[in-house]
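>>> sequence and computational prediction follow.
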Number of protein chains: 2
Amino acid sequence: MTQRRAPEGIPVLIALNPGAKDTLSRQIYRALRDGILAGRLAGGLRLPSTRALAADLDVSRNTVIAAFDQLMVEGYVESHVGRGTRVSHTLPDNLLHARARPSVHGPASLAPNAPSARAELLVGYARPKSSADEPAIAFAPGVPALDLFPWRTWGRLVAIRGRAMGPAVAGYTDPLGYGPLREAIARYVAVARGVTCTADQVVIVGGSQQGLDLVARVATDPGDSAWMEDPGYHGALGALIAAGLRVTGVPVDADGLSVAAGRVAAGRVVAGRVAAPSRLIYVTPSHQFPLGITMSTPRRLELLAAAAEMRAWIVEDDYDSEFRYVSRPLTALQGLDRDGRVVYVGTFSKVMFPALRIGFVIAPPALLPAIAAARQFSGTQQATLEQMVLADFIGDGHFERHVRRMRSVYAERQHDLIDALRGECAGLVDAAASGSGMHLVGWLAPGVDDAEVSRRAASRGVDAIPLSAFAIDRGTGRPGVLLGYAHVDRPAMFAAARRLAAAIRESMTHRSSRLRVERDESRGLPA
Amino acid sequence: MTQRRAPEGIPVLIALNPGAKDTLSRQIYRALRDGILAGRLAGGLRLPSTRALAADLDVSRNTVIAAFDQLMVEGYVESHVGRGTRVSHTLPDNLLHARARPSVHGPASLAPNAPSARAELLVGYARPKSSADEPAIAFAPGVPALDLFPWRTWGRLVAIRGRAMGPAVAGYTDPLGYGPLREAIARYVAVARGVTCTADQVVIVGGSQQGLDLVARVATDPGDSAWMEDPGYHGALGALIAAGLRVTGVPVDADGLSVAAGRVAAGRVVAGRVAAPSRLIYVTPSHQFPLGITMSTPRRLELLAAAAEMRAWIVEDDYDSEFRYVSRPLTALQGLDRDGRVVYVGTFSKVMFPALRIGFVIAPPALLPAIAAARQFSGTQQATLEQMVLADFIGDGHFERHVRRMRSVYAERQHDLIDALRGECAGLVDAAASGSGMHLVGWLAPGVDDAEVSRRAASRGVDAIPLSAFAIDRGTGRPGVLLGYAHVDRPAMFAAARRLAAAIRESMTHRSSRLRVERDESRGLPA
């Protein structure tokens, strides 16, 4: 800290810190600028000469000259031959004054700005994500076996495309995605999922979450009503809320989303919101998230008929349909749709790896112009490099091989999970084998608080998301936890199941003792 | 086309096309399923045996079995020993009937779905982008000299990171971006732009367009009022419209956006919209888009004061600030802000290359929770690979070197453009040298229709966007065209200027003859 008297008696207070991120010149510039803005250095005031200030501050004269130059460029000071460098008169006093108050004389007297109401609403729905730096633990759902991905092949393809990058592929890109990848996806979904589309209908997005956000915005207006499965996918709820929709949770039965229950709910007030005919229906027909139910064909037809009647869009989220273990997968709902009401959303986060950030939307032709416009103004296209590499990976047959291999690994891991639950959680967790997916629901005994179990499991290093966290309006009413098994090997499965069992027992003991206390209290006995 | 009588007298009409994308088995499945859904094959009807149908269609029996299996899995048919395969009774008749109408008996009788009103509105603002496959031509604005980018270095860094990809960096990522890149950007903007921030405030986005979309959604609510410069950046207008804002175009004078004019406009009806105090003000203070004006320091202070008074957010789009040729750049507006009202948006599309799809938002702390929530539900994070490679590119000093080199190339090209305009467009185009940026405004004579010039230039292979295309409410009232020079070498510059001159002369001749005709007509003379 150097305090000196400048030639004309101006106290120039400049604190220089040689170790700071800013250069010394920048620090001098800032100190003088802030003095001017705060009104301490008034208009017309003569600044010390660069030579004198350099000597005072013990820095080179060039350092001071650079600071003065910047102040001059920005109009804070003026320099006239023979008159030296003076603080500008051109900065209006009232502005300086208005600026001076909040920044210098204590806390801001002007109210700070607030985020939008729509954003504040979303903050309430957001969940802290586990840090990207920590590897996923058992039983995080939706995490693929990243250690079994063919990284050498991928790295080789990346290197080839990376080295070939140049002007021809570096410019502004098609907002709907890289052409050859769109074609590869159209071929793949036709064969693997019975989806009927051309490559023009395929829109590359940064994962299914981005697809849901996009579709919600182009298919609905703020204030519209939407249906989604209850319990249902939390990310979809967030995307629908972000789009300004009123969301009704529609119960799920053994055939999938109950269209009949949706109709009933549409006439009523649910969770404080007036429900209405739906403009958008979000479903996971292949493997309902989180319950794992496959929507039956009659229910699919009923859903399509209801959508036609309400003129609703159906969003089919086919998030993990690749992993089907027993029979061949059911054709996608999209393949049954004759009227162009189903929007299909797929992702490579599960089959490939999440950091790839590539998913896709297959849109009815009627939505394509709206999607193209929305993409242009939301700037959501992905980098070209990954799209090219993924197209190569599919084209060379690596994708198909990887899916086949993972299908057998995950089938085995589902067996392992069931073994582990039988061995370690007998009488505590009930889980039925499923023909598909990457997680099972571990049902808990009625009355057990699944959120409590989840908290206790977390403190033991086990990730067991409570089923109650996926309640949209009411949920299932039955406690359970989600048990993702795709990334967990057999020994880790048993170890985690053992810790989960301890967490459940702890929750139950805690609960029964709490119940006993409550009972005793209600009898008027001392606790 | 094969039409046969099935054993029980059912006409089974199956058109097999061996060259189709679908397998033969899939074609059989579809034909039968569609017959069932259309009601042509009624519940209880016995299908021909797989052997008979295979013989009829002249395909292998396994092909037919696969089709029947799929129909069975999906519940369309049932098989009982001794009773053969029959069409299911479980599909409710009314659904089949409802489905049958639109899909089979002619055009859909049910109204098709419509995109949202907000999306239809955007379609009206969208502009066809030139195809990604065609290289940019003179004088497309905002396109860097892609042939001068250090592709070998970039390719090497991509290959290194690509080969090192593995489980540790392949999982779900931080929605705000890759940590080391956020740190590198925070250091860079502090030194180069005088932006005051920590790495926590840096949010990685897929280019500045995505940044604008994000900020509009977290900072404003539908129906809020926004100001932007008039003429102004069309992409920003789209993002604000997409967010449901009422946008007021505020005139630009020699100091930048006229805060005084904004205040006047706020009390009036502008372009059919009732203007109101702004909740968000979009500006390009370093280099106004499209006019190229640098906002003066007094105007910056006035703008900050007005924002404080209205509690408005300021969005500072610093899209090409790297390219400053004469004096050092003015400190960013963000660096003057003491109250956390300025959101800074930057992009690597211009300094690096557009297909990279990386930009950044530097947000005041008060907006960060809202941004984190919005990012979680919009799924807009970019792939990790490019973020890592860019962080390396900056960290190794390649970025700084490239910017320095491009700065001198672009300064020279701006000279070349002015030479070319003097040589080829004398008396037709007036363009003043600018201290920064990647384009100049070529002013045309009053009365010339710049949209007409642009169309005629396009037909001659020259890209000259008319200034009138950037009018928000009124624009400048003066005709002009945007002349991007960064990607154009000297010979191409002269060739394009020659063709532009021809286009202008053509427009003027056309116009004067049209005027003459109109004048003649008004005098009652034959045309």
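Arrived safely. Numbering: from 1, shown residues only, chains lettered A, B, ... in the order given.
>>> only C-alpha atoms for contact and neighbour calcs from this point on.
Will do.
>>> residue ranges of each domain in chain A, please.
As assigned by automatic domain parsing, chain A contains the domains A:24-99, A:176-397, A:401-522.
>>> what average pLDDT does stretch A:298-315 get?
Per-residue pLDDT over stretch A:298-315 has a mean of 94.
>>> span of stretch A:247-266 from start to end?
10 Å (C-alpha to C-alpha, to the nearest Å).
>>> oh, I was asking about stretch A:384-403
23 Å.
>>> middle-most residue in chain A, spatially?
residue A:209 (6.7 Å; C-alpha atoms, centre = their mean).
>>> excluding chain neighbours, what is closest to that one?
Nearest non-adjacent residue to residue A:209, counting by C-alpha to C-alpha, 6 or more residues apart in numbering or on different chains: residue B:379, 4.9 Å away.
>>> chain neighbours aside, what residue packs nearest to whichever residue of the stretch 401-527 of chain A sits closest to chain B?
Nearest residue of the stretch 401-527 of chain A to chain B (C-alpha to the nearest C-alpha) works out as residue A:487 at 10.6 Å. Of all residues not flanking residue A:487 in the chain, residue A:145 sits nearest, at 4.0 Å (C-alpha to C-alpha, 6+ apart).
>>> need phi/psi at that neighbour.
phi -80, psi 80 (degrees, to the nearest 10).
>>> likewise for residue A:485?
Main-chain dihedrals, residue A:485, degrees, to the nearest 10: phi -120, psi -10.
>>> if I pick it, what's in contact with it?
Contacts for residue A:485 (C-alpha atoms under 8 Å, 6 or more residues apart in numbering or on different chains) come out as A:138, A:139, A:140, A:141, A:410, A:413, A:414, A:417, A:438, A:439, A:440, A:493.
>>> one more pass at 7 Å, please.
A:139, A:413, A:414, A:417, A:438, A:439 (C-alpha atoms under 7 Å, 6 or more residues apart in numbering or on different chains).
>>> what's the answer for residue A:196, then?
Neighbouring residues of residue A:196 by C-alpha under 7 Å, 6+ apart: A:190, A:335.
>>> and the domains of chain A, which one's lowest on average pLDDT?
domain A:24-99 (a mean of 81).
>>> show me how far that one is from its chain's centre.
Chain-centre distance of domain A:24-99: 46 Å, with C-alpha atoms, centre = their mean, to the nearest Å.
>>> that older thread, and the residue nearest to residue A:209, how far from residue A:54?
Residue B:379 is 52 Å from residue A:54, by C-alpha to C-alpha.
>>> which one of the two has more residues nearby?
residue B:379 (23 against 17; other C-alpha atoms under 10 Å in any protein chain shown).
>>> for chain A, longest strand please?
In chain A, with assignment by DSSP state E, the single longest strand is strand A:246-253.
>>> does the residue at the greatest distance from the centre of chain A count as helix, strand or coil?
Here the centre of chain A is the reference, and by C-alpha atoms, centre = their mean the most remote residue is residue A:82, at 61.6 Å. When classified by DSSP: H, G, I helix; E, B strand; the rest coil, residue A:82 comes out as coil.
>>> tell me the backbone dihedrals of it, please.
With angles defined as degrees, to the nearest 10, residue A:82 sits at phi 90, psi -20.
>>> are we agreed that residue A:322 is in a helix?
No. Assigned with three-state DSSP, residue A:322 falls outside any helix and is coil.
>>> for it, give me its contacts.
Listed by C-alpha under 7 Å, 6+ apart, the contact set of residue A:322 is empty.
>>> quick one: it from residue B:480, how far?
For residue A:322, the distance to residue B:480 - C-alpha to C-alpha - is 55 Å.
>>> what's near enough to touch residue A:262?
Contacts of residue A:262 (C-alpha under 7 Å, 6+ apart): residue A:250.
>>> any idea which element it lies in?
helix A:259-266 (DSSP states H and E).
>>> again with residue A:16
Applying DSSP H and E, one finds residue A:16 in no helix or strand.
>>> that one: neighbour count?
Applying other C-alpha under 10 Å, we find 19 residues neighbouring residue A:16.
>>> cool, the one 3 residues further on as well?
Applying other C-alpha under 10 Å, we find 8 other residues in the vicinity of residue A:19.
>>> residue A:55 now?
13.
>>> from residue A:64, how far off is it?
Using C-alpha to C-alpha, we find residue A:55 at a distance of 10 Å from residue A:64.
>>> same question, residue A:144
58 Å.
>>> and those two? Which one has more around it.
residue A:144 (27 against 24).
>>> the residue of the stretch 401-527 of chain A closest to chain B against residue A:142, yeah?
No. The criterion here is C-alpha atoms under 7 Å, and residue A:487 misses it with residue A:142 at 8.8 Å.
>>> looking at the two, which has the bigger crowd around it?
The neighbour comparison of residue A:487 against residue A:142 (other C-alpha under 10 Å) goes to residue A:487, with 24 against 19.
>>> gap between the spatially closest residue to residue A:342 that is not a sequence neighbour and residue B:60?
Nearest residue to residue A:342 in three dimensions, chain neighbours excluded: residue A:314, at 4.6 Å (C-alpha to C-alpha, 6+ apart). Distance from residue A:314 to residue B:60, counting by C-alpha to C-alpha: 37 Å.
>>> neighbour count: the two, which is higher?
residue A:314 (28 against 15).
>>> tell me which element residue A:446 is part of?
Applying DSSP H and E, one finds residue A:446 in no helix or strand.
>>> rewinding a little: give me the buried positions along the helix holding residue A:262.
By 16 or more other C-alpha atoms under 10 Å in any protein chain shown, the buried positions in helix A:259-266 come out as A:259, A:262, A:263, A:265, A:266.
>>> orientation of it relative to strand A:246-253 in degrees?
Interaxial angle of helix A:259-266 relative to strand A:246-253 (axes from the mean of the first three to the mean of the last three C-alpha atoms, to 10 degrees): 150 degrees.
>>> re the thing from before, let me see the contact set for the residue nearest to residue A:209.
Here residue B:379 is in contact with A:206, A:207, A:209, A:210 (C-alpha under 7 Å, 6+ apart).
>>> equivalent analysis for residue A:446, please.
Residue A:446 neighbours (C-alpha under 7 Å, 6+ apart): A:478, A:479.
>>> would you agree residue A:279 is in contact with residue A:315?
No. Taking contacts as C-alpha under 7 Å, residue A:279 lies outside contact range of residue A:315: 10.7 Å.
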